[in-house]
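>>> Predicted model, plus sequence, below.
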Amino acid sequence: MRRAIIVGGGAVGLAVATEIADLVDELYVVEKEKRLGEHGSSRSSEVIHSGIYYKPGSQKAIQCIAGNAFLSEFCKSRSVPYSLCGKLIVAAKTDELPALDFLEERARQNGVFDVRLIDADEVKRMEPNVRCLAALHVPTSGVLDSAAYLHTLKIIAERKGVHLVCGTEVTAIKRRNEQFAVTTKVNGEMQEPILVDILVNAAGVYADKVAQMINPENNWKIQPIKGESMYFHPNREELQTGRHLYSAPLTYTLPDGSKGHTTGVHTTWKLDGRITVTPLYDTHPKDKEDYEITHSPREFLQEITGFFPHLKEEDLHPDQAGIQPKLSRGDFVIEPDKEYPDAYHCVGIDSPGLTASLAIGKYLRRMIEKDL
Ligand SMILES: Cc1cc2nc3c(=O)[nH]c(=O)nc-3n(C[C@H](O)[C@H](O)[C@H](O)COP(=O)(O)OP(=O)(O)OC[C@H]3O[C@@H](n4cnc5c(N)ncnc54)[C@H](O)[C@@H]3O)c2cc1C
């Protein structure tokens, strides 16, 4: 009998579960919270990314581009609300124009061929409320209802016989003969270890800690970066938009001094009728579950008023914060453990991890199937 465990019940853990359920006799998804998907997966911008930002050949580029297609098809066939509304990445100032050229070239290198550089007149026709010099139109970007997506993954996993065990924290993992002995804590009480043959680490911001439980030689260090958002209601004509609006990409500095690159501050068109403005970053959150919003409406406004001038401070309301699990290498780690190859790591799954989740599930399935 072959038994497997997935540590972490977010989008990645659940997507992997739906993909590998038939490869094993018994599969457990173990989640420390009382409900699935309470952390990164329910605190994202819900954007279906197209894959144009990431270095060609990187895991982020590969899994995001594949994930965009899988997720769109999944939402369509399973009636998960979504829209491929598209997005504009805008240059409001001359010094932002080279970023658009760079991204257009990167999109081409990544095989996202429908991206187009458009001038201010065309932007005006598409989005009359936007002011800019030029923009990159990305039609395959979209938005989904992430709660409905997680719920659908949960239903599929249950139908496939996966045991979804919430309120259960994995506290230790030891190699015992050819298996892993996984110790858990429930309501503060340690449980008898469960023996498994295959283990998947999908623990989000704690994936570095779980990786060390498996093999103390693992030294990935996740740096938690808090992304905060506000929202407004497009209740005046001049606040309406039909697609996501992104400023040129940003560079940030991680606590270890390394530089990271990310999408610019953006307005995200939501399926519930709101528009969010996100993210403003806090690179030194109190801990990995610090969800306090520390930036003011004025600070959010400053970031977008250059290209979206009619929004006022009083239109903005606090929305939410989420923690991105950043690695200084800037890419996803999706690989078997170097010492114990029956354990598979998903570490540093920051944005576009939601978009990529189904692709990561299929990628891990191929890896596990090959090793069986
Ligand atoms: C602010 C923000 C905006 C984002 N925007 C986007 C976006 O627009 N588009 C996009 O594609 N991606 C976006 N992302 C990224 C995306 O949300 C994540 O990459 C994705 O949700 C990661 O899923 P996950 O399952 O790896 O992590 P999580 O959803 O965090 O799940 C990990 C789970 O593991 C559990 N866990 C941890 N340790 C243990 C343990 N020891 N025992 C048991 N359980 C444990 C946790 O409780 C958690 O539920 C955003 C992220 C943030 C924070």
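The structure has been received and is ready for your questions.
>>> for the ligand, what are the nearby residues on the stretch 151-300 of the chain?
Within the stretch 151-300 of the chain, the positions near the ligand by CB under 6 Å from any ligand atom are 169, 170, 202, 203, 204, 206, 210, 227, 279. No exception for glycine: its C-beta is placed from N, CA and C like everyone else's.
>>> switch the cut-off to 8 Å
168-171, 184, 202-207, 209-210, 213, 226-229, 268, 278-279 (CB under 8 Å from any ligand atom).
>>> Does residue 321 belong to a helix, a strand or coil?
What DSSP: H, G, I helix; E, B strand; the rest coil gives for residue 321 is strand.
>>> What's the separation between it and the ligand?
Noted for residue 321: a distance of 7 Å to the ligand, by CB to the nearest ligand atom, to the nearest Å.
>>> where in the stretch 251-372 of the chain is pLDDT low?
251-252, 254, 260-261 (pLDDT under 70).
>>> Output stretch 240-256 as PDB - backbone C-alpha positions only.
This file holds the C-alpha atoms of stretch 240-256, laid out as PDB (Å, rounded to 0.1, in the frame of the first residue of the first chain):
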ATOM      1  CA  GLN A 240     -14.800  52.900 -14.500                       C
ATOM      2  CA  THR A 241     -12.300  50.600 -16.200                       C
ATOM      3  CA  GLY A 242     -12.800  47.400 -18.300                       C
ATOM      4  CA  ARG A 243      -9.500  45.800 -17.600                       C
ATOM      5  CA  HIS A 244      -6.600  45.700 -15.100                       C
ATOM      6  CA  LEU A 245      -4.300  48.800 -15.200                       C
ATOM      7  CA  TYR A 246      -0.600  48.300 -14.200                       C
ATOM      8  CA  SER A 247       2.100  50.800 -13.700                       C
ATOM      9  CA  ALA A 248       5.600  49.900 -15.000                       C
ATOM     10  CA  PRO A 249       7.400  47.100 -13.000                       C
ATOM     11  CA  LEU A 250       8.900  47.900  -9.600                       C
ATOM     12  CA  THR A 251      12.200  46.900  -8.000                       C
ATOM     13  CA  TYR A 252      12.300  46.200  -4.200                       C
ATOM     14  CA  THR A 253      15.000  45.300  -1.700                       C
ATOM     15  CA  LEU A 254      14.600  42.200   0.400                       C
ATOM     16  CA  PRO A 255      15.800  42.100   4.000                       C
ATOM     17  CA  ASP A 256      19.000  40.300   3.000                       C
END
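>>> And it, what's buried?
241, 243, 244, 245, 246, 247, 248, 249, 254 (16 or more other CB atoms under 10 Å).
>>> closest point of the stretch 51-200 of the chain to the ligand, which residue?
Closest residue of the stretch 51-200 of the chain to the ligand, CB to the nearest ligand atom: residue 170 (3.8 Å).
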